[in-house]
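A.B. asks: Have a look at this prediction, sequence included:
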Amino acid sequence: MSIKVLIFALIFLLLGLFSFAQNSIVKRPQRCHTQPPSQVWNNWFNQKVNDYKQNLAKEKSKSTSSYLIPVVFHIIYGNEAEGTYPNLDQAQIVSQINILNNDYAGIGFNTGLYSQMGANGHLPFYEYSQTNSLPAPDDNGVTISNTGISFILASEDPSGNLLPEPGIDRESYITKKWSNPASIPDEGTLMSYLDQTIKPNTIWDPTKYFNVWLTDENNSVQMLGYSTFPSGTNLAGLDGGGSSNANATTDGCWIWSMSCGDTISVAAPYNKGRTLTHESGHYLGLRHVWGDGNCLTDYCNDIPPAATANYVSQGTGYPYHVNTCSSAGAYNNNVDGEMFMNFMDYSDDGAMWMFTNDQLLRMHTALTQSTDRIGLTASANSMRTKSVAKISLDKSIDIYPNPTVDGHFNISVNVAEATNLQIVIENILGKLVFKNNENSVAHNTLRYQFPTFEKGIYFITIINSNGDKIVRKIVVQ
């Protein structure tokens, strides 16, 4: 083969690779399609935040209150079996709740990277904290906030019936004779369909539940989630904003099913559950860190301004985008740059890991002042109280493998709220062979190994803290 032929072959190969690379580029989704609230809403909510801060100042205390939010996930699917995408497995939902709780407690994935970014014994954003005289604990750099907000999977439906799968409402669009959400080719039409059809026909009382909708989406739709803001009163302009029709039929968050949780059916780089962390921030009154404009405010003094959204990946260094908002006086990022790791930016899941203390104050304000957020904690506490009395152990306990060939078996526990269990095993003659107490069991698999058990029939009695009990037979072969 001549050199000329080889050269032409090489050129064709390179062109082919270039063409493949070009065609393989996937547009990065816009993390959030939440629409900014009205100025009327901003004025109202900011006044409520100021009132909340003044009350804390009068009491000379910090906001150490704790809040509990009951969540229901409306899983929209076709005719897929449970656990087959988009009819998500229960384990994926549980993983998302765990992520929310860790993120809001300030101990989520990659939080340990933050302190490593500081220098000379200071946390990141130290110069910014000094220039703006941020109060403790942010006077040595901006700290990651433990917000005092927790989430639980709702244990009962609006009629008071115990949910067989805590926090999960499965709705088939085929059974309901709705369109497949994944057949809708653009973001605006999908949002209208969600707000006008799916949400109104599936929503649970938004004053008692945090509603989260999960659907698949068309490949041409580049949207991870959107949310409503907390509403104030019935006055015009004080509805939640954030979607085309935020009211009692649409309040809550929608996220793409592939961005839910961190296991099974997830899509990198949005595979750490941070889409719902971001959208729930809007649900509790937070704005984007760039204020939805060039160097505009998010109303949180402990967050430097940003020129626009940051789409950064895990491993991005600090400081980042220094001096992009230099004309804002002391409120600038001339030294420390932009807070790309804040949950209210657009960074990849592995590159965002924090709320701040001013964001905490805004969220606490929402939970104490918004007409559709103020009752959430009471609703959650009511469910917790009733769920202990109503736990059906028969539906919540699974023992496997049964029979067991080597004395090894698992007890799978799936209850809405953590409970204490007593495990008692007797042989066929009624002789006690094992007894143990398991504390704070909720979504756990308890593993037992009894290789010395003789072949035969054994009876396992499981008793919860309310005195309810079940007896199961297990066979050792």
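C.D. replies: Done, it's in.

A.B. asks: Break down the stretch 101-250 of the chain into its strands, ranges please.
C.D. replies: Assigned by DSSP state E, counting those that start in this stretch, the strands in the stretch 101-250 of the chain fall at 149-153, 168-172, 210-215, 225-227.

A.B. asks: Same check on the stretch 251-400 of the chain?
C.D. replies: Ranges of strands in the stretch 251-400 of the chain, per DSSP E, counting those that start in this stretch, are 253-256, 397-400.

A.B. asks: sorry, back to before: need the strands of the stretch 101-250 of the chain in JSON lines (columns: distance to Asn271).
C.D. replies: Bear in mind the C-beta positions are built from the backbone N, C-alpha and C, glycine included. Formatted as JSON lines, the strands of the stretch 101-250 of the chain follow (distance: least, CB to CB, whole Å):
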{"stretch": "strand 149-153", "distance to Asn271": "19"}
{"stretch": "strand 168-172", "distance to Asn271": "20"}
{"stretch": "strand 210-215", "distance to Asn271": "15"}
{"stretch": "strand 225-227", "distance to Asn271": "14"}
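
A.B. asks: Let me know which of these is the nearest to Lys48.
C.D. replies: Counting by CB to CB, Lys48 lies closest to strand 149-153 out of the strands of the stretch 101-250 of the chain; the figure is 17.0 Å.

A.B. asks: Measure how that closest one sits relative to strand 210-215, angle-wise.
C.D. replies: Here the directions of strand 149-153 and strand 210-215 differ by 60 degrees (axes from the mean of the first three to the mean of the last three CA atoms, to 10 degrees).

A.B. asks: mind listing what's buried in strand 149-153?
C.D. replies: Residues of strand 149-153 classed as buried by neighbour count (16 or more other CB atoms under 10 Å): 149-153.

A.B. asks: I'd assumed Asn132 was in contact with Val142.
C.D. replies: No - assessed by CB atoms under 8 Å, Val142 is found out of contact with Asn132, at 10.0 Å.

A.B. asks: which residue ranges form the helices in the stretch 101-250 of the chain?
C.D. replies: Ranges of helices in the stretch 101-250 of the chain, per DSSP state H, counting those that start in this stretch, are 112-116, 126-131, 187-193, 199-202.

A.B. asks: and the third one, what's its mean pLDDT?
C.D. replies: The pLDDT scores in helix 187-193 average 96.

A.B. asks: again, but for the last one
C.D. replies: When pLDDT is averaged over helix 199-202, the result is 98.

A.B. asks: next one: the first one
C.D. replies: Over the span of helix 112-116, the pLDDT mean works out to 96.

A.B. asks: Format the CA atom coordinates belonging to stretch 258-278 as CSV.
C.D. replies: The C-alpha trace of stretch 258-278 is given here as CSV (Å, rounded to 0.1, in the frame of the first residue of the first chain):
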residue,chain,number,x,y,z
MET,A,258,-32.9,9.6,36.8
SER,A,259,-31.8,12.3,39.2
CYS,A,260,-33.5,10.8,42.2
GLY,A,261,-31.3,9.3,44.9
ASP,A,262,-27.9,7.7,44.4
THR,A,263,-28.7,4.1,43.5
ILE,A,264,-30.1,1.8,40.7
SER,A,265,-31.6,4.1,38.0
VAL,A,266,-29.5,7.3,38.2
ALA,A,267,-27.6,9.3,35.6
ALA,A,268,-24.2,10.9,36.2
PRO,A,269,-23.2,13.6,37.0
TYR,A,270,-26.6,14.0,38.7
ASN,A,271,-26.5,10.8,40.6
LYS,A,272,-26.0,11.9,44.2
GLY,A,273,-29.6,13.1,44.8
ARG,A,274,-28.7,16.8,44.8
THR,A,275,-31.4,17.8,42.3
LEU,A,276,-34.1,17.4,45.0
THR,A,277,-31.8,19.1,47.6
HIS,A,278,-31.7,22.1,45.2
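
A.B. asks: residues of that stretch that come out buried?
C.D. replies: For stretch 258-278, by 16+ other CB under 10 Å, it's 258-262, 265-266, 270-278.

A.B. asks: which of the residues you listed lies closest to Glu80?
C.D. replies: Ser265 (10.7 Å).

A.B. asks: Thought Glu80 was touching the closest one, still the case?
C.D. replies: No - applying CB under 8 Å as the test, Ser265 and Glu80 come out as separate, 10.7 Å apart.

A.B. asks: remind me, longest strand of the protein?
C.D. replies: strand 408-427 (DSSP state E).

A.B. asks: who does that strand pair up with?
C.D. replies: strand 397-400 (antiparallel), strand 432-449 (antiparallel), strand 456-464 (antiparallel) (DSSP bridges).

A.B. asks: residues in contact with the first one?
C.D. replies: I take that to be strand 397-400. 409-414, 460, 462, 470, 472, 474 (CB atoms under 8 Å, 6 or more residues apart in numbering).

A.B. asks: now stretch 421-441: mean pLDDT?
C.D. replies: 83.

A.B. asks: could I have it exported to CSV, CA atoms only?
C.D. replies: The C-alpha trace of stretch 421-441 is given here as CSV (Å, rounded to 0.1, in the frame of the first residue of the first chain):
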residue,chain,number,x,y,z
LEU,A,421,-37.6,-4.6,67.9
GLN,A,422,-37.1,-7.6,70.1
ILE,A,423,-36.1,-10.8,68.2
VAL,A,424,-36.9,-14.1,69.9
ILE,A,425,-36.1,-17.5,68.4
GLU,A,426,-37.4,-20.8,69.8
ASN,A,427,-37.0,-24.4,68.6
ILE,A,428,-39.9,-26.7,67.9
LEU,A,429,-40.0,-27.8,71.5
GLY,A,430,-40.4,-24.2,72.7
LYS,A,431,-36.9,-23.9,74.0
LEU,A,432,-35.4,-20.4,73.8
VAL,A,433,-32.3,-20.5,71.6
PHE,A,434,-31.8,-16.8,70.9
LYS,A,435,-33.0,-13.4,72.1
ASN,A,436,-31.8,-9.9,71.1
ASN,A,437,-32.9,-6.3,71.0
GLU,A,438,-32.5,-4.2,67.9
ASN,A,439,-32.8,-0.4,68.4
SER,A,440,-34.0,2.3,66.0
VAL,A,441,-34.8,0.0,63.1
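
A.B. asks: hmm, back to that, could you look over the helices of the stretch 101-250 of the chain and pick the most buried one?
C.D. replies: helix 126-131 (a mean of 20; mean count of other CB atoms under 10 Å).

A.B. asks: starting at the chain centroid, how far to that one?
C.D. replies: Distance of helix 126-131 from its chain centroid, counting by CA atoms, centre = their mean, to the nearest Å, is 31 Å.

A.B. asks: what comes into contact with it?
C.D. replies: 118-119, 134, 138-142, 302, 304, 330, 333, 335-336.

A.B. asks: send the alpha carbons of that helix over as CSV?
C.D. replies: Only the C-alpha atoms of helix 126-131 are listed here, as CSV (Å, rounded to 0.1, in the frame of the first residue of the first chain):
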residue,chain,number,x,y,z
TYR,A,126,-12.6,34.1,55.0
GLU,A,127,-11.7,37.4,53.3
TYR,A,128,-15.3,37.8,52.3
SER,A,129,-16.5,37.1,55.9
GLN,A,130,-14.1,39.7,57.3
THR,A,131,-14.9,42.4,54.7
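
A.B. asks: Quickly list the domain ranges of this structure.
C.D. replies: 29-386, 391-476 (automatic domain parsing).
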